[in-house]
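> Structure for the following, please:
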Amino acid sequence: MTDVPSNFYEMTITDFLKIAASSSHVPGGGNVSAVVATLGASMGAMVASLTEGKKGYEEHQAANSAVLKAFMAGIENLKQLTKGDVEAFDAYMKTFKLPKDTEEQKKARAAAIEDGVKKATLAPMKICRQCLDLMREAAKLAPFGNKGAISDCGVSAIILEAAIRAAMLSVDINLPAIKDAAFAADIVSERGRLFAEAEELKTFVLTHMRARW
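You can find the predicted model right below:
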């Protein structure tokens, strides 16, 4: 493991930025994208919190409560995925230090590298999936969320979509190193689906947001 704290959420923003701007390999793109995503999710949660129990939104309380719960759970999951991304990358880097003096060692090292790069690819992919789930919640909220804060529903959608595209770069950079062609093809296919749905969801949220101004 790296000697950089794995729980970035217990750091001050200033300390986090200092480490992010340093020569340390963590926090890297996937970690930073996940942290940014929690901020995007927090904006959706804020809109839902401002809708919860408020006069004029009585008919939407059940749906709003479900959305708020999903946002808060998503934030907590992103915290865990941030840590998981750090751990997966560290584990992958360690595979290159494995011995390769004999043929048996070379085979074991190659297998470990392949397994490591797959896990280092799946970690940011999980971040992307969670971001998309949260964008779906923003889309549920946009048509009825508190009108006075509805712009922040749009902020949520924009940040979450950006986090998907940013975290996906940590996926893309690993793909050339993956020997398993079927695995890589599945990742590429899912990437396309994620981008397409994220774009649709963002457009939906922004359209409903502006219609309520």
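> Report the central residue of the chain.
Geometric centre of the chain, nearest residue: Ile127, 3.0 Å, by Cα atoms, centre = their mean.
> Distance check, that one against Lys97.
According to Cβ to Cβ, to the nearest Å, Ile127 and Lys97 sit 26 Å apart. Any C-beta I mention is one placed from the backbone N, CA and C, and that applies to glycine too.
> And Ala91, by the same measure?
Relative to Lys97, Ala91 is positioned 11 Å away (Cβ to Cβ).
> Looking at those two, which is more packed in?
Neighbour totals were compared for Ala91 and Lys97, and Ala91 leads with 16 against 8 (other Cβ atoms under 10 Å).
> thought Ile158 was touching Lys202?
Yes. In this structure, Ile158 is within contact of Lys202 by Cβ atoms under 8 Å, at 6.5 Å.
> For the residue lying farthest from the centre of the chain, what are phi and psi?
Here the chain reaches farthest from its C-alpha mean at Thr102, the gap being 40.1 Å by Cα atoms, centre = their mean. According to degrees, to the nearest 10, the main-chain angles of Thr102 amount to phi -120, psi 170.
> Could you tell me how far it is located from Arg109?
10 Å.
> if we can go back for a sec, and Ile158 and Lys202? Which one has more around it.
Neighbours around Ile158 and Lys202, counted as other Cβ under 10 Å, are more numerous at Lys202. The numbers are 21 against 17.
> what comes up buried for the helix or strand that one falls within?
Per DSSP states H and E: Lys202 is located in helix 181-211. For helix 181-211, the neighbour count (16 or more other Cβ atoms under 10 Å) marks 183-184, 187, 191, 194-195, 198, 201-202, 204-206, 208-209 as buried.
> Just send these back as CSV, with pLDDT and distance to Phe71 too.
Formatted as CSV, the buried residues of helix 181-211 follow (pLDDT from 0 to 100; distance: Cβ to Cβ, whole Å):
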residue, pLDDT, distance to Phe71
Phe183, 98, 32
Ala184, 98, 32
Ile187, 98, 27
Arg191, 98, 24
Leu194, 98, 19
Phe195, 98, 22
Ala198, 98, 17
Leu201, 98, 14
Lys202, 98, 16
Phe204, 98, 17
Val205, 98, 13
Leu206, 98, 18
His208, 97, 17
Met209, 97, 16
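> Nearest to Asn146 among those residues?
Closest approach to Asn146 among the buried residues of helix 181-211 (Cβ to Cβ): Met209, at 11.7 Å.
> Name the nearest residue to the closest one, sequence neighbours excluded.
Gly154 (4.3 Å; Cβ to Cβ, 6 or more residues apart in numbering).
> Thought Ala211 was touching that neighbour, still the case?
No. Counting by Cβ under 8 Å, Gly154 does not reach Ala211; the two are 11.4 Å apart.
> Show residues contacting the helix or strand bottoming out on mean pLDDT in the chain.
The weakest-scoring helix or strand in the chain, judged by mean pLDDT, DSSP states H and E, is helix 13-20 (a mean of 93). Contacts to helix 13-20, defined as Cβ atoms under 8 Å, 6 or more residues apart in numbering, come from residues Val4, Phe8, Met11, Val26, Pro27, Val32, Val35.
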